[in-house]
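Trainee: missing the sequence, but the structure's below:
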């Protein structure tokens with residue numbers, strides 16, 4: 001852990017563009033924590049999914065803020081993800097083929113996971129999003 005986090009060699013001319021990988025980790029932790037709290041009250045059934053989301057927002061203490069933190073956290077995650085990818089393209093990180101391929105696999109996994117999270121509330125937007133994609 002010491003070699004990977006504390007004594008990690010870094011160039012002296014490093015800029016703020018290199019922070020987006022760490023911000024992705026923070027956003028991911030936020031998404032996991034808020035997602036776990038939301039999952040405690042969510043009902044995974046097509047007839048009651050939307051009403052369970054309404055229940056979370058109206059009846060659960062601070063459920064509305066957890067839901068909106070989760071929704072906005074997903075947007076922030078993708079902003080950081082695209083900035084991280086843009087930095088990688090600008091600085092030529094695609095020349096490290098193995099690292100780039102792992103990044104592409106992670107990108108498609110994140111996109112599939114985000115789509116599943118988009119469909120879970122099963123409102124009109126979720127329904128038609130699932131209809132168009134599938």
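Mentor: Received the coordinates, thanks. Quantities reported herein were computed from a predicted structural model and do not represent experimental measurements.

Trainee: only C-alpha atoms for contact and neighbour calcs from this point on.
Mentor: OK.

Trainee: and the strand or helix carrying residue 125, which residues are buried?
Mentor: Assigned by DSSP states H and E, residue 125 falls within helix 124-133. Residues of helix 124-133 classed as buried: 126, 130 (neighbour count, 16 or more other Cα atoms under 10 Å).

Trainee: And for residue 80, the neighbour number?
Mentor: Neighbours of residue 80 under the rule other Cα atoms under 10 Å: 20.

Trainee: The nearest residue to it once chain neighbours are set aside: helix or strand, and which one exactly?
Mentor: Excluding the flanking residues, the one nearest residue 80 by Cα to Cα, 6 or more residues apart in numbering is residue 20, at 5.5 Å. For residue 20, the element it lies in under DSSP H and E is helix 20-39.

Trainee: That helix packs against which elements?
Mentor: helix 63-90 (3 or more Cα pairs under 8 Å, 6 or more residues apart in numbering; DSSP states H and E).

Trainee: quick one: the residue nearest to residue 80 and residue 83 touch, right?
Mentor: Yes. Between residue 20 and residue 83 there is a contact under Cα atoms under 8 Å: 6.8 Å.

Trainee: thinking again about what came up before, gap between the residue nearest to residue 80 and residue 88?
Mentor: 10 Å (Cα to Cα, to the nearest Å).

Trainee: Settle it for me: which of the two has more neighbours?
Mentor: Using other Cα under 10 Å, the more surrounded residue of residue 20 and residue 88 is residue 20, with 19 against 16.
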